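Trainee: model the structure of this input:
(one chain, ligands or ions: 1)
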Amino acid sequence: MKTENRRAYISSLAHYVPEEVYSNQFFEKRLDTSDEWIRTRTGISERRFAFNKGTSELMLPAAEKAIARRGIDKQDIDLIICATITPDHVFPSTACLLQNKLGIKHCWGFDLAAACSGFLFALETARRFIESGAAQRVLLCGGDRMSAILDFEDRSTCVLFGDGAGAIILEASDDPEIGVFDANLRIDGAGKDFLYMPAGGSAKPPSAETVANKEHYVVQDGRTVFRAAVVGMADVTAEVMERNNLRAEDVAWLVPHQANMRIIGATAERMGVSSDKVMVNIDRYGNTTAGTIPLCLSEWYDAGKIQYGDRLILSSFGAGYTWGSVYLRWGIK
Ligand code: COA
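Mentor: Prediction:
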């Protein structure tokens, strides 16, 4: 397989969100919060929750649709990567569960945990497999069932998140002007205390005490994460634009992680792109963690709003901290 100058591109994609819609009024009735507070502070009006599903069940319909749309035999998938922090189980991996559900016979795969940057980190990983020739067709799923790890009595976190997943297929492009051009990814564990789940891992295994203390839920210092996200996401995005000689007018779409409308606005402002070039669906889905970016891409593609050759900037910030930005040119006609 020729590997020189191989560029990876998104050849198909789809998404899945649970049918059950939970508006801000759902929380208003249960907690000391208001629709007005949630909308003005975050941009969220409603979100979807799937209380009885594992993340692999959110990814499965998206994966099936992406494969069907591409018109390939599913047996041509040789690598599955699942970006998630809410795997069905600690082990086996969600990738194994998905492979089995899809009935793909000769592939390998793994999960990748980078919280809200999971999709971008997995995209960069998949891209390298395609570019090197080590993989021909990668099925990459990004999604989370955040309702599994939310404390529905904590107003500062439970209103922010939702459940959902997206799937893309990545393969080698025939056109050298199409595909993923650059990625600028970062981690900084100094952020570990500001957004995390206290127990359930090897450092603090589950016990009656950790359950009683509600240590299996998302804990966030919102203000600190907010400040880090505004700076981090805008910085890496500006760097990606600079090193690829991109001006704001060259960019068809900014595809930001959907955590907070004000973080999205700050990134767009730093890039100098107008709000009509920013994909936003946080109002309908909240923060689906590794699901936000593929959900946006898939919805905008379904609506016919992304054209062949369009330059897209994908940007994210999340727990870890993890953050990054990817520059790609759209390749589905
Ligand atoms: N309803 C009403 N009041 C709420 C509330 C809710 N759902 N959640 C928090 N508040 C209160 C707080 O208790 C606080 O009250 P106090 O001043 O009496 O202590 C007040 O609102 C302001 O809280 P603060 O955290 O400063 O608000 P904020 O403007 O920073 O907005 C977030 C909070 C969480 C929306 C915001 O910080 C944020 O989006 N952070 C980053 C999230 C993120 O990007 N995560 C990473 C990616 S996963």
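Trainee: wondering if stretch 316-333 reaches the ligand at all.
Mentor: Yes: applying C-beta under 6 Å from any ligand atom, one finds stretch 316-333 in contact with the ligand at 317-318. Backbone N, C-alpha and C define where each C-beta goes, glycine included.
Trainee: separation between the residue lying closest to residue 189 once chain neighbours are set aside and residue 235?
Mentor: Spatial nearest neighbour of residue 189, chain neighbours left out: residue 320 (6.6 Å); criterion: C-beta to C-beta, 6 or more residues apart in numbering. Note on residue 320: its distance to residue 235, by C-beta to C-beta, to the nearest Å, is 15 Å.
Trainee: higher neighbour count, these two?
Mentor: More crowded of residue 320 and residue 235, by other C-beta atoms under 10 Å: residue 320, with 22 against 17.
Trainee: would you mind measuring from the more buried one to residue 121?
Mentor: Distance of residue 320 to residue 121, given as C-beta to C-beta: 10 Å.
Trainee: tell me, what's touching those two both at once?
Mentor: Residues touching both residue 320 and residue 121 (C-beta atoms under 8 Å, 6 or more residues apart in numbering) are residue 114.
Trainee: distance of residue 270 relative to residue 133?
Mentor: 36 Å.
Trainee: of those two, who's got more company?
Mentor: Neighbours were counted for residue 270 and for residue 133 using other C-beta under 10 Å; residue 270 has more, 16 against 13.
Trainee: tell me where the protein has helices.
Mentor: Assigned by DSSP state H, the helices in the chain fall at 24-28, 35-42, 55-70, 94-102, 118-132, 155-158, 208-212, 222-243, 261-271, 282-285, 292-302.
Trainee: residue 252 touches residue 305, doesn't it?
Mentor: No: using C-beta atoms under 8 Å, residue 252 makes no contact with residue 305, being 9.0 Å away.
Trainee: neighbour count winner among the two?
Mentor: Neighbours were counted for residue 252 and for residue 305 using other C-beta under 10 Å; residue 252 has more, 17 against 12.
Trainee: and the closest residue to that one other than its chain neighbours, what is it in contact with?
Mentor: Counting by C-beta to C-beta, 6+ apart, residue 252 lies nearest to residue 310, which is 3.7 Å off, once chain neighbours are set aside. By C-beta under 8 Å, 6+ apart, the contact set of residue 310 is 252-253, 329-330.
Trainee: tell me which of the residues you listed fall in strands.
Mentor: 253, 329 (DSSP state E).
Trainee: specify which member of the contacts of residue 310 is nearest to the ligand.
Mentor: residue 253 (20.3 Å; C-beta to the nearest ligand atom).
Trainee: how many residues are close by that closest one?
Mentor: Neighbour count of residue 253, defined by other C-beta under 10 Å: 22.
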